[in-house]
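>>> Requesting a structural model of the entry that follows:
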Amino acid sequence: MKQNKLFTLFSLTLLSGAPLTSIVQADIIKQDSSVITAVSNKDTKNSTKIEAKSSVTDTWGNTPWTFDADSGIVAITSGQLGTYKTSPWNRTDDKKIDGNQIKKIIFTGTTKAPDDCRALFRNLKSLTEIVGLEKLDTSDVTEMSAMFELCISLTSLDLSKLNVSKLNSTVDMFNQCKALTTLNLLELNTSSLTNMGRMFKGCTSLKSLDLSSFNTSNVTTMQGMFSDTSLSSLTLGGKFIGDDLDLSAPSALNERDDLTGNWIRQDGNSKSYSPKDFTANYGKDDLKSGTYIAEIKSSK
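Residues are numbered from 1 along each chain as shown. Down below sits the predicted model:
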């Protein structure tokens, strides 16, 4: 067959007077075009598959969720969540999404949290906002250790509507939330809380913290609770445990204030205390519930 084809081609060449090389090149170009077209069609199909994956839908526990890669939004509807290991960003199957692409999480309906919320949102480095967190039912939660740890882009959190009456541990809960400037923890029932170690460690942008509603009567350790923070205002109600909280000297409320490095009640109804003495003696003498700020050096 090949010989007949070549003989025909050779005969036509002699009759037409066209150079043999031109005809062969034309035939090769035609064949190459067919191959290129086939490859192009294949690439188009692959591209369609990739585009389809820009939106992923599945379940976490029995709770439906959807991730839109273009906006970076995870939308979570009603249901029962599984543990952090089965979250959309920690699962190990083909439905896993890249946690670094997540910018916002939205709870659209009442969602039951797992009893163990340890590391639930941990290490979502691009996450800036959680919307509808009040819809998360935490009434049976006992663990929130490292729940938001390493969420380094998260700027604000409001946990004031959560039921945490069974909560035991908040170890590392906000550890390294470096961008966090607003944190609402008011009205939480913390009567079961026992461990607050390193809870606010590394929250370098957090300047004001109100813990006045915290019941710390059953807390046994607060070790390193304020490590690597620089608060300018601290409002307290309950007791401190130990002198190892690593509370630093207060930062200035006003940039030009000349500070002594000591804490003092904002209303002036206390002596000034070094950070170590403040945490070691809180609850005694004049160190009562209230808001504490930096002592300013006397102008005299």
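>>> so who does Lys112 touch?
Gly79, Gln80, Leu81, Asp137, Asp140 (CB atoms under 8 Å, 6 or more residues apart in numbering). For glycine as for every other residue, the C-beta is placed from the backbone atoms N, C-alpha and C.
>>> Distance-wise, check it relative to Gly237.
30 Å (CB to CB, to the nearest Å).
>>> what does Thr108 give?
Distance check for Thr108 against Gly237: by CB to CB, it reads 34 Å.
>>> Report the mean per-residue pLDDT for the host helix or strand of Thr279.
Taking DSSP states H and E as the criterion, Thr279 maps to helix 275-281. Mean pLDDT, computed over helix 275-281, is 94.
>>> which residues sit against it?
Applying CB under 8 Å, 6+ apart, the contact partners of helix 275-281 are 240, 242-243, 245, 247-250, 261-263, 273, 287, 292.
>>> Buried members of those residues into PyMOL, please.
Restricted to buried positions by 16 or more other CB atoms under 10 Å, the PyMOL selection for the contacts of helix 275-281 reads:
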select buried, resi 240+243+245+247+249+250+262+263+273+287+292
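>>> any chance of the contacts of helix 275-281 in TSV, plus secondary structure?
Output for those, formatted as TSV (DSSP: H, G, I helix; E, B strand; the rest coil):
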residue	secondary structure
Phe240	coil
Gly242	coil
Asp243	coil
Leu245	coil
Leu247	coil
Ser248	coil
Ala249	coil
Pro250	coil
Gly261	strand
Asn262	strand
Trp263	strand
Tyr273	strand
Leu287	coil
Tyr292	strand
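>>> and of the contacts of helix 275-281, the nearest to Cys203?
For these, the closest approach to Cys203 (CB to CB) belongs to Ser248, at 11.6 Å.
>>> before we move on, back to that, could you find which two of the contacts of helix 275-281 are furthest from each other?
The largest separation in these, counting by CB to CB, is between Gly242 and Gly261 at 21.0 Å.
>>> Could you list the low-pLDDT ranges of the stretch 1-150 of the chain?
Scanning the stretch 1-150 of the chain for pLDDT under 70 picks out the ranges 1-53.
>>> Quick one: the helices in it, in order.
Here the stretch 1-150 of the chain has its helices, by DSSP state H, counting those that start in this stretch, at 2-16, 20-52.
>>> For the stretch 151-300 of the chain, which residues score under the pLDDT cut-off?
For the stretch 151-300 of the chain, applying pLDDT under 70 flags the ranges 300.
>>> Do you have the strands of it handy? List them.
Under the criterion DSSP state E, counting those that start in this stretch, the stretch 151-300 of the chain contains strands at 156-158, 182-184, 208-211, 233-236, 259-265, 290-296.
>>> between the ones you listed, which one is nearest to Thr220?
strand 208-211 (16.8 Å).
>>> quick one: contacts for Glu288?
Quick fix: residue 288 reads Lys, not Glu. Contact partners of Lys288, counting by CB under 8 Å, 6+ apart, are Ser270.
>>> who does Tyr292 bridge with?
With DSSP bridges applied, Tyr292 shows beta-bridge pairing to Leu234, Arg265.
>>> scratch that, Thr63 is what I was asking about
Beta-bridge partners for Thr63, by DSSP bridges, are Trp60.
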